[in-house]
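**Student:** Predicted model, plus sequence, below.
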Amino acid sequence: MEDAAWPVDQSAPTPDWYRMCFRNALRRVAVTINRLEPHPWRSVDLSCSDEDLAARFEKRGWDRQLIAFNEMARDSHTADDDQYQAENFFYCDVDFRARSKIRLAVFKVPAPFLDWGYRQLHRPAGSSEALGLQAYRGGADDPAFVRHCATNYLVKNFWHNFTHRVLQGITTDNYHQFRGLAREDSDFEADHVANLLLLRAYGQSVHTTGKSGPATRHAREVIFNRNRCNRVFAERARLRAGDRNAMSVEERWEELEWRFCRRTSNAISTRLLTLGLATPTVRVFLGGARRTSVTSGNRWREGDVIVEIGGCRINTGVKPYLPDDELKGEPMAARRQAMRSASIEREGEIVTVAVNRYRQRLSEDPAFKRGADAALEPLWARLGIPSG
């Protein structure tokens, strides 16, 4: 098998090492969901490397017991129609079946998700310290680091699907029944629980009231930083440009707002978990009315960003950043970069305010703190995963 490397040639076939990342991610998920008594996998050290975990699976034949991984080929009659593939053959089919008290992790990946996922793999941004590169002799281009980032991304993707199916009852067959605000709310939960389970899958403990030292916080931050290494969903959105062009201005504005809320919610989620302030829920909403200028046609939101953390509602006093350039056409590259930088800065402001207010509530309200300490137990019970 060839050494792993960041993709350069966008026309190159998907290499076998990337396929193995799917299997290794599924192995890590499967061990995590089978850690209750009396399963032997409860003693597996999940902080081990992906290579060490794979070696244990291969030595003991655990694949047959715990996972079923299959690739789904393209339909030959539509294989050259990327927009059609993006719309109809992109999402993976997952299941977690009970078999003799063992949960079998089943994952069927369509060829578009596999191939585009490889081509959209990229080096995560961050300093050597932020990415934990001191553990890799070759730095960010070390094959082991490339494989780890690819696997890390897939582990979270699996957990997102796990949350939809196991907690929410949303499956490949019925997802179309959950649209609008119901789908948005399901994604808030799935994103946050996937972040929480990503830490558990890599052997990290999950704390609720900030009882974490600097080394532990740094280890969690490294896991989240390495996860930001794939733009496969952005590629799907690009390929579905025809669908987007068919949307009304109002629909595109709603999508713009939703993307901002979802990015901000994820940023709050990872900050809380890094600090050891785990909570069952994180959501972001936009207050105030939508306004449109009669003369220019520009749109904006009057109100502030509202954040919900573990049942605590926080008015951040910060306005959302929602440039409506995309409603008027495709912005130039320089403008897109400026918009992205401004959005990241605004999201950072919201994260800081929300997390600080939540910490203040914990320190000032003993009853709220006691509730926060116990809040995750029902979630662990529903997930069927031990809390520690």
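**Tutor:** Structure received.
**Student:** can you list contacts of stretch 374-388?
**Tutor:** Outside stretch 374-388, the residues that touch it by CB atoms under 8 Å, 6 or more residues apart in numbering are 32-33, 35-36, 42, 103, 166-167, 193, 197, 200, 205-206, 208, 278-280, 310-311. Just so you know, the C-beta spots here come from the backbone N, C-alpha and C atoms, and that holds for glycine as well.
**Student:** repeat for stretch 10-18
**Tutor:** For stretch 10-18, the external contacting residues (CB under 8 Å, 6+ apart) are 1-4, 114-115, 117-119, 121, 143, 147, 150.
**Student:** And the buried ones among those, selectable in ChimeraX?
**Tutor:** Written as a ChimeraX command, the selection of buried residues from these, which uses 16 or more other CB atoms under 10 Å, is:
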select :4,114,115,117,118,119,121,147,150
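**Student:** Tell me the spatial nearest neighbour of residue 211, not counting adjacent residues.
**Tutor:** Nearest residue to residue 211 in three dimensions, chain neighbours excluded: residue 276, at 5.7 Å (CB to CB, 6 or more residues apart in numbering).
**Student:** what's downstream of the helix or strand harbouring residue 57, the next helix or strand?
**Tutor:** Per DSSP states H and E: residue 57 is located in helix 50-60. Once the chain leaves helix 50-60, the next helix or strand it forms, by DSSP H and E, is helix 63-66.
**Student:** Tell me the helix or strand right after that following helix.
**Tutor:** Taking DSSP H and E, what comes next after helix 63-66 is strand 67-72.
**Student:** What mean pLDDT does that following strand get?
**Tutor:** Mean pLDDT, strand 67-72: 92.
**Student:** quick one: that strand to helix 50-60, angle?
**Tutor:** Angle of strand 67-72 versus helix 50-60, following axes from the mean of the first three to the mean of the last three CA atoms, to 10 degrees, is 110 degrees.
**Student:** packing partners for strand 67-72?
**Tutor:** Strand 67-72 sits against helix 16-32, strand 102-110, helix 111-119, with contacts defined as 3 or more CB pairs under 8 Å, 6 or more residues apart in numbering; DSSP states H and E.
**Student:** Model confidence score at the residue nearest to residue 211, please.
**Tutor:** We have a pLDDT of 95 for residue 276.
**Student:** neighbours around it, how many?
**Tutor:** 19 (other CB atoms under 10 Å).
**Student:** Quick one: residues contacting it.
**Tutor:** Listed by CB under 8 Å, 6+ apart, the contact set of residue 276 reads 206-212, 216-217.
**Student:** Note down every partner strand of the helix or strand where residue 300 lies and its orientation.
**Tutor:** Taking DSSP H and E as the criterion, residue 300 maps to strand 299-301. Strand 299-301 has its sheet partners listed here by DSSP bridges as strand 290-292 (antiparallel).
**Student:** Centre of the chain to the partner strand, how far?
**Tutor:** Mean-position distance between strand 290-292 and its chain equals 31 Å (CA atoms, centre = their mean, to the nearest Å).
**Student:** And stretch 245-262, by the same measure?
**Tutor:** Counting by CA atoms, centre = their mean, stretch 245-262 comes out at 20 Å from the chain centroid.
**Student:** what sits up against that stretch?
**Tutor:** Applying CB under 8 Å, 6+ apart, the contact partners of stretch 245-262 are 184, 187-188, 191, 244, 284-286, 290, 299, 301, 320-322, 324, 326-327, 343, 347.
**Student:** could you redo the last one with a cut-off of 10 Å?
**Tutor:** Stretch 245-262 has contacts (CB atoms under 10 Å, 6 or more residues apart in numbering) with 180-181, 183-184, 187-188, 191, 237, 240, 244, 283-286, 290, 292, 297, 299, 301, 305-307, 320-328, 343, 346-347, 350.
**Student:** Show only the entries of those found in helices.
**Tutor:** Among the contacts of stretch 245-262, DSSP state H puts 181, 183-184, 187-188, 191, 237, 244, 343, 346-347, 350 in helices.
**Student:** What count of nearby residues applies to residue 359?
**Tutor:** Applying other CB under 10 Å, I find that residue 359 has 16 neighbouring residues.
**Student:** how close does it sit to residue 374?
**Tutor:** Residue 359 is 18 Å from residue 374, where distance means CB to CB, to the nearest Å.
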